[in-house]
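**Student:** Structure here, sequence nowhere to be found:
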């Protein structure tokens, strides 16, 4: 999930420290050279803190110092009670920072229990339970959990893919520094060919999401990681399992037992990311993305919570870059009885990796949701003509089409209940 479209400014940065797309976009919009230079310096400092494992603790520490300085300033003006109150808040923040450092950074903590499995949960509830794990316990997977996880990796690696290019997942156990997750020591590394193949990237997202859901059922915590992983360290730990001339790391997934010891900053970080666009901004009925899909109306309502689990699918920095268009055809001249044909999946940004992985995750969730509901279908990459699009120039450049889920059966003939 690295960005290979580097501007001249980005090429001045060491190869191991590439800008993320968001950071590159900010730099490209800065017209004053001095400000651009300042941003790059701040960004490099952020990277040093990030890959030494200190960045998660710096924002609360900085805010604590600001509180104490502000309290001193207020005290100079004679507002003693206000200064004492501000100092009190500062000491609370200081205590939290120290607690986080002791229990998380230096791992001095009480032992934690293994989490419970989720075998009794249905698919849709299981997907809603799954969340990005930001802090892991210090223990490694038990032999039983490791073997079950590797069996899931084997099954989904051997399953049919949308594209034809090979993908694979390698397991490594090493204390690799990643952002923003802390204390992660076990990872699945998604690898595809170095030559870019978009369907392979989509297949990575689709297959790895199915592995992630198996891990969630086991009670394991998971966290998708893209630009927040130190890829040079990952390559080093992969050893001869990675060929830099032929292989490319698409993304990494941290896996382990979730810890209740979570730094304050990551708690706030999680709260900010725990938001989703409404379904009306994700599902549509036209290729111009102007008409929201009425998910509660027939025949679309038969897909139930499949819409919801796509809405809550993970994506890089919660970007929610995937869109979907439901395609219907009229049958027998009856305009009141739409014949549902397929669902087309689109990427809303030009990102070659982030957006493609997100499409793959949606494909996995949609496929599993439909299977749980007993609705059969298959994925296919359709040409513009097959999608009844006769002039692609009339369509917006973005979102861009990726893949379709074609129904095997005519839902129009099924019984319909309010």
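**Tutor:** Arrived safely, thanks for sending. Note that the structure is a prediction, hence the values are computed from the model and not measured. Residues are numbered from 1 along each chain as shown.
**Student:** Pull the number of nearby residues for residue 71.
**Tutor:** 21 (other CB atoms under 10 Å). For glycine as for every other residue, the C-beta is placed from the backbone atoms N, C-alpha and C.
**Student:** Surely it and residue 87 touch.
**Tutor:** Yes - counting by CB atoms under 8 Å, residue 71 does reach residue 87; the two are 4.4 Å apart.
**Student:** Name the helix or strand for residue 190, please.
**Tutor:** Following DSSP states H and E, one finds residue 190 within strand 186-193.
**Student:** what's the spacing between the residue most central in space within the chain and residue 58?
**Tutor:** Note on the chain: the residue nearest the mean C-alpha position is residue 315, at 2.9 Å, using CA atoms, centre = their mean. Per CB to CB, to the nearest Å, residue 315 is found 26 Å from residue 58.
**Student:** got it, and residue 113?
**Tutor:** Distance from residue 113 to residue 58, counting by CB to CB: 31 Å.
**Student:** neighbour-wise, which of those two wins?
**Tutor:** Remark: of residue 113 and residue 58, residue 58 carries more neighbours, 15 against 8, as counted by other CB under 10 Å.
**Student:** For that one, give me its contacts.
**Tutor:** Going by CB atoms under 8 Å, 6 or more residues apart in numbering, residue 58 touches 49, 265.
**Student:** Can you list phi and psi of residue 134 for me?
**Tutor:** For residue 134, the backbone dihedrals (degrees, to the nearest 10) come out as phi -100, psi -10.
**Student:** what's around it, how many residues?
**Tutor:** Neighbour count of residue 134, defined by other CB under 10 Å: 24.
**Student:** wait, it sits on residue 182?
**Tutor:** Yes - the criterion here is CB under 8 Å, and residue 134 meets it with residue 182 at 6.8 Å.
**Student:** For these two, list the residues in contact with both.
**Tutor:** Applying CB under 8 Å, 6+ apart, one finds that residue 134 and residue 182 are jointly contacted by 263, 266.
**Student:** show me where pLDDT drops low in the chain?
**Tutor:** 1-26, 331-337, 410-418 (pLDDT under 70).
**Student:** what's the spacing between the closest residue to residue 246 other than its chain neighbours and residue 377?
**Tutor:** Counting by CB to CB, 6 or more residues apart in numbering, residue 246 lies nearest to residue 194, which is 5.6 Å off, once chain neighbours are set aside. Between residue 194 and residue 377 the distance is 32 Å, computed by CB to CB.
**Student:** three-state assignment of residue 251?
**Tutor:** Counting by DSSP: H, G, I helix; E, B strand; the rest coil, the backbone at residue 251 sits in strand.
**Student:** which one is residue 54 nearest to, not counting chain neighbours?
**Tutor:** In space, residue 54 is closest to residue 105, 7.9 Å off (CB to CB, 6+ apart).
**Student:** now residue 285
**Tutor:** According to CB to CB, 6+ apart, the nearest residue to residue 285 is residue 291 (4.7 Å).
**Student:** Run a quick neighbour tally on that neighbour.
**Tutor:** 11.
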